[in-house]
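Participant: Mind folding the following:
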Amino acid sequence: MSKRKLYIFLASACLAGYIWIAISLLFPQNHIWGGCLFRQLLHIPCPACGSTRSVLALLHGDWQAAFHFNPNGILLALLLVALPLWLASDLLRRKSSLYHFYNRMETVLRRKGVFLLFIGLVLINWFWNILKEL
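Facilitator: Predicted coordinates for the structure are as follows:
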């Protein structure tokens, strides 16, 4: 992926994330939106279920609830803070540090062991989400 496409994608993803969080704050899940489409169709939580509630809990300073809803929400919140700052820094300084980091991480994730570890963590989180429902 080119640097320009990556930066546009990341900026758009962050903007979408901020809009989603704002909508979730303004219109609680039970009033306007029924929640995760995956969950509505299959009646089991998806690996990301609880991420929005996790970020909202963090906004209210409740780290324990954030972890309980979905640990990925903590990572998501960190990304929503760090990525725009990193993008702005690169653009203002005319650097490509985020793009170089992306390329390094893409190389690392192509290693079979790292990829399997990542998939394993996603599956463990997914099973944890399902077990919380029982």
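Participant: pLDDT weak spots in the protein?
Facilitator: Scanning the chain for pLDDT under 70 picks out 28-35.
Participant: need the helices for it, in chain order.
Facilitator: Secondary structure of the chain (DSSP state H): helices at 3-26, 37-42, 51-59, 63-69, 72-93, 97-109, 112-133.
Participant: Only the buried residues of the third one, if you could.
Facilitator: Residues of helix 51-59 classed as buried by neighbour count (16 or more other Cβ atoms under 10 Å): 51, 52, 53, 54, 55, 56, 57, 58. For glycine as for every other residue, the C-beta is placed from the backbone atoms N, C-alpha and C.
Participant: Could you do the longest one as well?
Facilitator: Neighbour counts using 16+ other Cβ under 10 Å place 6, 7, 10, 14, 17, 21, 24 of helix 3-26 among the buried residues.
Participant: CSV please, covering the residues you listed and showing distance to residue 116.
Facilitator: Shown next, in CSV, are the buried residues of helix 3-26 (distance: Cβ to Cβ, whole Å):
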residue, distance to residue 116
6, 25
7, 30
10, 26
14, 29
17, 28
21, 32
24, 33
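Participant: between those, which is nearest residue 104?
Facilitator: residue 6 (13.0 Å; Cβ to Cβ).
Participant: wouldn't the closest one be in contact with residue 96 here?
Facilitator: No: taking contacts as Cβ atoms under 8 Å, residue 6 lies outside contact range of residue 96: 9.7 Å.
Participant: can you pull the contacts of residue 65?
Facilitator: 53, 54, 57 (Cβ atoms under 8 Å, 6 or more residues apart in numbering).
Participant: neighbours around the closest residue to residue 53 other than its chain neighbours, how many?
Facilitator: Leaving aside its sequence neighbours, residue 53 sits nearest to residue 69 (Cβ to Cβ, 6 or more residues apart in numbering; 4.2 Å). Using other Cβ atoms under 10 Å, the number of residues around residue 69 comes to 23.
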